[in-house]
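In: Generate coordinates for the sequence data below:
(chains A, B, C, D, E and F)
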6 protein chains.
Amino acid sequence: MVYVTRKVHFNAAHRLINPNKSDEWNEKTYGKCNYPNWHGHNYVLEVTVCGMPDKDTGYVIDLGVLKNILKERILDKCDHRNLNLDVDFLKGVIPSTENLVIHFYEQIKDEIQKHASEGSFLYAVKLYETERNFAEYRADKI
Amino acid sequence: MVYVTRKVHFNAAHRLINPNKSDEWNEKTYGKCNYPNWHGHNYVLEVTVCGMPDKDTGYVIDLGVLKNILKERILDKCDHRNLNLDVDFLKGVIPSTENLVIHFYEQIKDEIQKHASEGSFLYAVKLYETERNFAEYRADKI
Amino acid sequence: MVYVTRKVHFNAAHRLINPNKSDEWNEKTYGKCNYPNWHGHNYVLEVTVCGMPDKDTGYVIDLGVLKNILKERILDKCDHRNLNLDVDFLKGVIPSTENLVIHFYEQIKDEIQKHASEGSFLYAVKLYETERNFAEYRADKI
Amino acid sequence: MVYVTRKVHFNAAHRLINPNKSDEWNEKTYGKCNYPNWHGHNYVLEVTVCGMPDKDTGYVIDLGVLKNILKERILDKCDHRNLNLDVDFLKGVIPSTENLVIHFYEQIKDEIQKHASEGSFLYAVKLYETERNFAEYRADKI
Amino acid sequence: MVYVTRKVHFNAAHRLINPNKSDEWNEKTYGKCNYPNWHGHNYVLEVTVCGMPDKDTGYVIDLGVLKNILKERILDKCDHRNLNLDVDFLKGVIPSTENLVIHFYEQIKDEIQKHASEGSFLYAVKLYETERNFAEYRADKI
Amino acid sequence: MVYVTRKVHFNAAHRLINPNKSDEWNEKTYGKCNYPNWHGHNYVLEVTVCGMPDKDTGYVIDLGVLKNILKERILDKCDHRNLNLDVDFLKGVIPSTENLVIHFYEQIKDEIQKHASEGSFLYAVKLYETERNFAEYRADKI
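Out: Residues are numbered from 1 along each chain as shown, chains lettered A, B, ... in the order given. Below you'll find the model as predicted:
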């Protein structure tokens, strides 16, 4: 199987807070990531589709098409935005990197499958919060 | 002359806004960077000291000492903070990368000169807002 | 299991074209990648061998030996070359990143197995066409 | 003074050849870079404007405007193109990295000066042919 | 499943030598890596924990806690040290990258499991000896 | 003027110690960098030559020639070596990054001038000890 990846980036603000918990719990659990006036990141997003190349095109998926899906479904909603306040599909989600990759995966998997070669599927969504901290969500299938 | 550099990083939220101008002017001038609920960056900061190495130590400046100056004077005030709201030495400053490097330079130059080898001075402060956009402020002297 | 990787690079020209299709189809399918006078890339190639370290050497495979295999079998044929015109083992192949990793895998797998520790095998071939677009071919075994 | 930089990239094919010299001279001088069927690179271009930030905007130059100038004047002409054959402003130029930065500088300097803050000017054009080989052209002024 | 990673770094000296073999064998097997007066690397270590995010925190593991485990169990023992001479848990180990990842894995797996979300476990330890040479040890489980 | 740069790398061991000072002074001044059993780095070296491109070749200097000079004069002596013990031109030098760039500059400047275009000269030697700590030595001329 071939795993083909497109890397994109966006800049966003967020803070970590569980609104069902006390201020004390939030400060203790999240430390600096809980500071009230937000902080932010240059997020780097890598999306990987798994399958075999189409005989006619040599593509598992046209990476230009994949880029457009990511733009419409994720970047246009998250770039230069506040992940706690501004993004419809993240309402009620604590924006940890772990939670973001799960919700990003759900946000794009069907659209990607429509445009990929026969038998291909969205394999992984990897998000770098910083160069040092990152999370990846992988499909169950494989 | 030898130019010795220490690279550090911090994560912060900001937005670009000139409070003396109309909303319309701000939206037109700053576009996405003016979005109301903030966005943020993984800032990378490079600070360069220029001089000749001390005969005894071989150092222009001990980079551990330089790191501590940066921590106390810049990182402890900016990391995981909102550059428009939280930082004492940036009050009233539009936090463009250009303006940040000028104010960071002023914030550290005297302290660095005290700890550098004889005749050395703070040469440059360079700040990467993203990997693609960055600004540097250089001393007049050279 | 241990996965040990060697990274190398080469520079080549290519264009995407399916000679069995019309010019119109090629332009529509490949866009800029179909431009007639070629374009090129700084390809980065990562080759991963999977197994357990040899008791005497501590190596799954000597990475110097792996580097030489890559040089002889891939780099000497592809570096500073045109992937559509110059490479024997790519004749008739549309040089998409997906197709390249499959053919690079076949080109080196036997030679690598001969030089790796007992039970080890070529696990993956990953090729970065750009920093933003890349593909990986993985062995079925695992 | 503040030096503000925008980084962009493009992919192109080229070869090094001096048409006024013999094949033998070209092969001896340029080695692999003279191979007849072209090779290519992921070029990375950094353009630096020098000046003081505008009081109203905090910008030396709006990096979005700078990006558009680079797109119109350089990227639209060079990306996915052959630097020896396809680019009007490079006709008759040996496309060494050294020569490219000089011609890129001339191609954008006036347009940049029009859009930068008062007293600002195009300071440098830096081009990475690979991560290991790069050239920079700097203005005489400073 | 989500795979969350923390990246850290340390600088160390080492040489490759099997003390049960002759000088001749060692020179032939390890080449420059066997030079008697040591050489060294800026090691980059990536540690990946696999599981599902905790409902309350959104974390598979608090990356600050993971960083502390790595500091205590690996960095404090290896940073600015000689991997052949100074590290208790590496006594008698040939410090190839392959062997280092296996021993680093054993050194941290229990402590990580104690601090990760329910059902999570240490998935992988990846070590870059250089940007071009690296090894990864992965858990059997998955 | 054009500034053309070649980047190379080597791996070496070292420690910081001034033999004319007490153990106490050395420990206090150099901290972890003074540990007795050495540590090491993946050094990255960037060498920049300044001048105008030769009319016939388009080169300030052939970067293949520059690479060979660096190999003979620096890499063959320093790679996989101990900078305190093994390198002839560093005898008696405290191997701080600052001191290394000064001595590397002297080691190559004449040979480079012989092979560069008319009027060109060695402009700068930059050495990354780590990604975060680096020093550059620049020619007086400019």
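
In: Going by C-alpha atoms from here, please, whenever you check contacts or count neighbours.
Out: Noted.

In: Counting neighbours, what do you get for residue A:83?
Out: The number of residues packed around residue A:83, counting by other C-alpha atoms under 10 Å in any protein chain shown, is 26.

In: That one - nearest residue in space that isn't next to it in sequence?
Out: Closest residue to residue A:83 apart from its sequence neighbours, by C-alpha to C-alpha, 6 or more residues apart in numbering or on different chains: residue A:14 at 5.3 Å.

In: Any idea what the one you found is bridged to?
Out: Bridge pairing for residue A:14 (DSSP bridges) gives the partners residue A:39.

In: Quick check, the residue in chain A closest to chain F?
Out: residue A:131 (12.8 Å; C-alpha to the nearest C-alpha).

In: would that residue count as being in a helix?
Out: No - applying DSSP: H, G, I helix; E, B strand; the rest coil, one finds residue A:131 to be coil, outside a helix.

In: so who does it touch?
Out: Neighbour list for residue A:131: residue E:7 [criterion: C-alpha atoms under 8 Å, 6 or more residues apart in numbering or on different chains].

In: got the phi/psi numbers for it?
Out: Torsion angles at residue A:131 (phi, psi; degrees, to the nearest 10) stand at phi -60, psi -20.

In: do residue A:79 as well
Out: Torsion angles, degrees, to the nearest 10, at residue A:79: phi -70, psi 130.

In: Mind checking what secondary structure the closest residue to it other than its chain neighbours has?
Out: Excluding the flanking residues, the one nearest residue A:79 by C-alpha to C-alpha, 6+ apart is residue A:10, at 4.9 Å. At residue A:10 the chain is in strand, as set by three-state DSSP.

In: quick one, helices of chain A?
Out: A:23-30, A:63-70, A:76-78, A:97-115 (DSSP state H).

In: which of the ones you listed sits most buried?
Out: helix A:97-115 (a mean of 19; mean count of other C-alpha atoms under 10 Å in any protein chain shown).

In: Off-centre distance for that one?
Out: Relative to the centre of its chain, helix A:97-115 is centred 7 Å away, using C-alpha atoms, centre = their mean, to the nearest Å.

In: contacting residues around that helix?
Out: Here helix A:97-115 makes contact (C-alpha under 8 Å, 6+ apart) with A:61-62, A:65-66, A:69-70, A:73-74, A:89-90, A:93, A:120-122, A:124-129, A:134-137, E:2-4, E:53, E:58-60.

In: okay, the helices of chain A in JSON lines with distance to residue B:18 next?
Out: Below are the helices of chain A laid out as JSON lines (distance: least, C-alpha to C-alpha, whole Å):
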{"stretch": "helix A:23-30", "distance to residue B:18": "32"}
{"stretch": "helix A:63-70", "distance to residue B:18": "32"}
{"stretch": "helix A:76-78", "distance to residue B:18": "24"}
{"stretch": "helix A:97-115", "distance to residue B:18": "32"}
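
In: quick one on the thing from earlier: from the contacts of helix A:97-115, which would you call buried?
Out: Neighbour counting by 16 or more other C-alpha atoms under 10 Å in any protein chain shown classes A:61-62, A:66, A:69-70, A:74, A:90, A:93, A:120-122, A:124-129, A:134-137, E:2-4, E:53, E:58-60 among those as buried.

In: residues in contact with the residue nearest to residue A:120 when sequence neighbours are not counted?
Out: By the measure of C-alpha to C-alpha, 6+ apart, the closest residue to residue A:120 outside its immediate chain neighbours is residue A:51, 4.1 Å from it. Counting by C-alpha under 8 Å, 6+ apart, residue A:51 touches A:1-3, A:60, A:117-121.

In: try it again with 7 Å
Out: Shown in contact with residue A:51 (C-alpha atoms under 7 Å, 6 or more residues apart in numbering or on different chains): A:1-3, A:60, A:119-121.

In: Tell me which two of these sit farthest apart.
Out: Using C-alpha to C-alpha, the contacts of residue A:51 span at most 12.6 Å, a distance reached by A:3 and A:119.

In: Let me see the contact set for residue A:2.
Out: A:50-52, C:98, C:135-138.

In: let's see it at 6 Å
Out: A:50-52, C:136-137 (C-alpha atoms under 6 Å, 6 or more residues apart in numbering or on different chains).

In: Equivalent analysis for residue A:138, please.
Out: A:123-124 are the contacts of residue A:138 under C-alpha under 6 Å, 6+ apart.

In: Quick check: the gap between it and residue E:4.
Out: 11 Å (C-alpha to C-alpha, to the nearest Å).

In: How about residue A:139?
Out: Counting by C-alpha to C-alpha, the gap from residue A:139 to residue E:4 is 15 Å.

In: Just give me the neighbour total for residue A:33.
Out: Residue A:33: 21 surrounding residues under other C-alpha under 10 Å.

In: One more: residue A:13?
Out: Around residue A:13 there are 30 residues (other C-alpha under 10 Å).

In: Equivalent analysis for the one 5 residues further on, please.
Out: Here the neighbour count serves as a burial measure; for residue A:18 (other C-alpha under 10 Å) it reads 21.

In: Tell me the bridge partners for residue A:49.
Out: With DSSP bridges as the rule, residue A:49 is bridged to residue A:4, residue A:122.

In: Model confidence score at residue A:141, please.
Out: At residue A:141, the model reports a pLDDT of 61.

In: give me the low-pLDDT residue ranges for chain A?
Out: Within chain A, the stretches with pLDDT under 70 are A:141-142.

In: Please work out which residue of it is closest to chain C.
Out: residue A:4 (4.1 Å).

In: quick one on the thing from earlier: Serialize the contacts of residue A:51 to CSV and add fields for distance to residue D:78.
Out: Output for the contacts of residue A:51, formatted as CSV (distance: C-alpha to C-alpha, whole Å):
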residue, distance to residue D:78
A:1, 34
A:2, 31
A:3, 30
A:60, 27
A:119, 37
A:120, 34
A:121, 34
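
In: Keep only those of those that are in strands.
Out: Residues of those located in strands (DSSP state E): A:2-3, A:121.

In: between the residues you listed, which is nearest chain E?
Out: Proximity of the ones in strands among the contacts of residue A:51 to chain E (C-alpha to the nearest C-alpha) peaks at residue A:121, which lies at 16.2 Å.

In: List the contacts of the closest one.
Out: Applying C-alpha under 6 Å, 6+ apart, the residues near residue A:121 are A:49-50, A:113.

In: same thing but at 8 Å, please
Out: Going by C-alpha under 8 Å, 6+ apart, the list of residues near residue A:121 reads A:49-51, A:109, A:112-113.

In: what does chain A have sitting close to chain E?
Out: By C-alpha under 8 Å from any C-alpha of the partner chain, the residues of chain A that approach chain E are A:18, A:29, A:94-96, A:98-99, A:102, A:131-140.

In: try 6 Å
Out: A:96, A:132-137 (C-alpha under 6 Å from any C-alpha of the partner chain).
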